[in-house]
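S.K.: give me a model of this one.
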Amino acid sequence: MDCDAMQMDDRLSALSDDLILKILSFVGLKDAVRTSVLSHRWRHLWTSITHLSFSSQDFSSMRKLSKSVTRVLSRRNTQVQLSSFDLYLHGKPAHDVAQKIMNHAFSLNVQQVNFTCLFETGQTNGTLCRQWNSLFLSQALKHLTLRQSFSPCDEIVLTSAQEFSSLTTSVYHIL
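M.R.: Next up, the predicted model:
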């Protein structure tokens, strides 16, 4: 096939960025980032994905998870609203990693957060719950879901309704 025939058959390049981003949202972040080598136009397209999801099970350590999430979040196109952010932590407690990641996500004015924390039983001291009040000061946050496998604190106390002025849905599960 010659170059002219290949250019005519390149239907992917004819798609709008919005449609390509919609497609990329279904393939997962790792594969979406890999598409950046396809063409100059695609190089930074993945930075505009509106839904990000991370799981500690995809990384060999919490440190690598933290480094990867920080790298992705810091390269995001800040002109595009981050609509949802999912974080799934499993294994040994890593409160400092969770706090760092969530702080970064909230600094991007995410609208929906799903945070699942399945730390090993008996290895927590409640630190994470005490730090949540300092994390959820986002004016953009509308939906918050927290799931955890332990109950390190009796309750999460909201000190001011202003902190959650945009929040319309909050769900808290102990698994």
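
S.K.: not counting stretch 22-30 itself, show me its contacts.
M.R.: With contact meaning Cβ atoms under 8 Å, 6 or more residues apart in numbering, stretch 22-30 is reached by 15, 31-32, 35, 45-46, 49-54, 58, 72. (Glycine included, C-beta is placed from N, CA and C.)

S.K.: run a quick neighbour tally on residue 166.
M.R.: Using other Cβ atoms under 10 Å, residue 166 has 12 other residues around it.

S.K.: let me fix that, I meant to ask about residue 40.
M.R.: Residue 40: 7 surrounding residues under other Cβ under 10 Å.

S.K.: in the helix or strand harbouring residue 96, what's buried?
M.R.: Using DSSP states H and E, residue 96 sits in helix 95-107. Using 16 or more other Cβ atoms under 10 Å as the test for burial, helix 95-107 gives 95, 97-99, 101-102, 104-106.

S.K.: can I get the residues you listed in TSV with pLDDT and distance to residue 79?
M.R.: Putting the buried residues of helix 95-107 into TSV (pLDDT from 0 to 100; distance: Cβ to Cβ, whole Å) gives the following:
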residue	pLDDT	distance to residue 79
95	74	32
97	83	28
98	82	27
99	81	27
101	87	22
102	84	22
104	84	18
105	85	17
106	82	18
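
S.K.: so in the chain, where's the weakest helix or strand by average pLDDT?
M.R.: Within the chain, no helix or strand scores below helix 127-135, which has a mean of 49 by mean pLDDT, DSSP states H and E.

S.K.: what segments of this structure are strands?
M.R.: Using DSSP state E, the strands of the chain run over 51-55, 84-91, 112-119, 143-148, 169-174.

S.K.: save these as JSON lines, and put in mean pLDDT, mean neighbour count and distance to residue 19 too.
M.R.: Shown next, in JSON lines, are the strands of the chain (pLDDT from 0 to 100; neighbours: other Cβ atoms under 10 Å; distance: least, Cβ to Cβ, whole Å):
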{"stretch": "strand 51-55", "mean pLDDT": "93", "mean neighbour count": "17", "distance to residue 19": "16"}
{"stretch": "strand 84-91", "mean pLDDT": "89", "mean neighbour count": "18", "distance to residue 19": "19"}
{"stretch": "strand 112-119", "mean pLDDT": "85", "mean neighbour count": "19", "distance to residue 19": "22"}
{"stretch": "strand 143-148", "mean pLDDT": "83", "mean neighbour count": "18", "distance to residue 19": "25"}
{"stretch": "strand 169-174", "mean pLDDT": "71", "mean neighbour count": "11", "distance to residue 19": "29"}
